[in-house]
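In: sequence and predicted model, in that order:
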Amino acid sequence: MVEAVKVRLASLVLLALPSVVRAHQLDEYLQSTLVVIEPASIRLQMILTPGVSIAEKVLALMDGNADGVLSTEEGAAYAALLKRELSLQLDTQDLELKLTASDIPTPAELRTGAGIMQMEFTAVPDTIAAGPHTLTLRNRHLPSVSVYLINAAKPKTATIQINRQTRIENQSAGEIAYTFQPPADSSQGVERMAALAGLLAAAVGWWLLRKSRAEKTR
């Protein structure tokens, strides 16, 4: 079980800010997802903000024993429910998501409409080939009361380049086209240099041999 820890994602908070007013309408549940694509993993960093009038509906899903307190186990159960309603696909490969971080405020905070839940899910694909790829995300969690945002984070490495982002109208689903260009294999570079050095040595040896024979014929 993943311990409740804060997801320190200033960029994700900034992503959500333009829609704060919409998110705090009484009958909406904002689900904002920042997609972080890395060479060896993909992370979904989510901010979840229920509006005042639907906070009780969300809490009913979370507070299984209705005691007014959200235990660690209940938080993990809600994260598992959310995970089941997310799907992530890389090209034709379905990716398995794992909860890697979460922070859930108290029920009192959530009832104000200002409470923000943060969750991070991580997927580790099979070996990713160099070249273009398409990542597809779908969020089916509470569609009747939710508004959604999906956006790709700016890559922190030059090996990943985001080419295009497309979303359906309500942004509950979207595609991110990107290119993965791994760095050149350093071992191959060493082998090429060794081969070049060998050729150079052979050329020098051949030149010295010809020079020696020419001198003997004089």
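Out: On my side now, so go ahead.
In: pretty sure A55 is in a helix, no?
Out: Yes: with DSSP: H, G, I helix; E, B strand; the rest coil as the criterion, A55 is assigned to a helix.
In: how about the helices in the protein?
Out: For the chain, the helices defined by DSSP state H cover 10-16, 20-23, 55-62, 72-84, 107-111, 186-216.
In: got the contact list for stretch 125-144?
Out: 29, 31, 33, 35, 37, 39-42, 44, 57-58, 81-82, 85-91, 93, 95, 146, 148, 150, 163, 172-182 (C-beta atoms under 8 Å, 6 or more residues apart in numbering). C-betas here are computed from N, CA, C, even on glycine.
In: ok, T112 touching V52?
Out: Yes: T112 is within contact range of V52, at 7.0 Å (criterion: C-beta atoms under 8 Å).
In: so for these two, which sits in the more crowded spot?
Out: V52 (16 against 11; other C-beta atoms under 10 Å).
In: find me the pLDDT at that one, would you?
Out: Listed pLDDT for V52 reads 93.
In: quick one: low-confidence parts of the protein?
Out: 1-25, 185-218 (pLDDT under 70).
In: if we can go back for a sec, please check the contacts of stretch 125-144 and keep the buried ones.
Out: Using 16 or more other C-beta atoms under 10 Å as the burial test, the contacts of stretch 125-144 include 29, 31, 33, 35, 37, 42, 44, 58, 82, 86, 88, 90, 95, 146, 148, 150, 172-174, 176, 178, 180 as buried.
In: just the ones of these in strands?
Out: Per DSSP state E, strands hold the following members of the buried ones among the contacts of stretch 125-144: 29, 31, 33, 35, 37, 42, 44, 86, 88, 90, 146, 148, 150, 173-174, 176, 178, 180.
In: ok, the nearest residue to S172 once chain neighbours are set aside to I47 distance?
Out: Spatial nearest neighbour of S172, excluding adjacent residues (C-beta to C-beta, 6 or more residues apart in numbering): Y148 at 4.6 Å. Plainly put, Y148 is 11 Å away from I47 if you go by C-beta to C-beta, to the nearest Å.
In: do the same with A60
Out: A60 is 21 Å from I47, by C-beta to C-beta.
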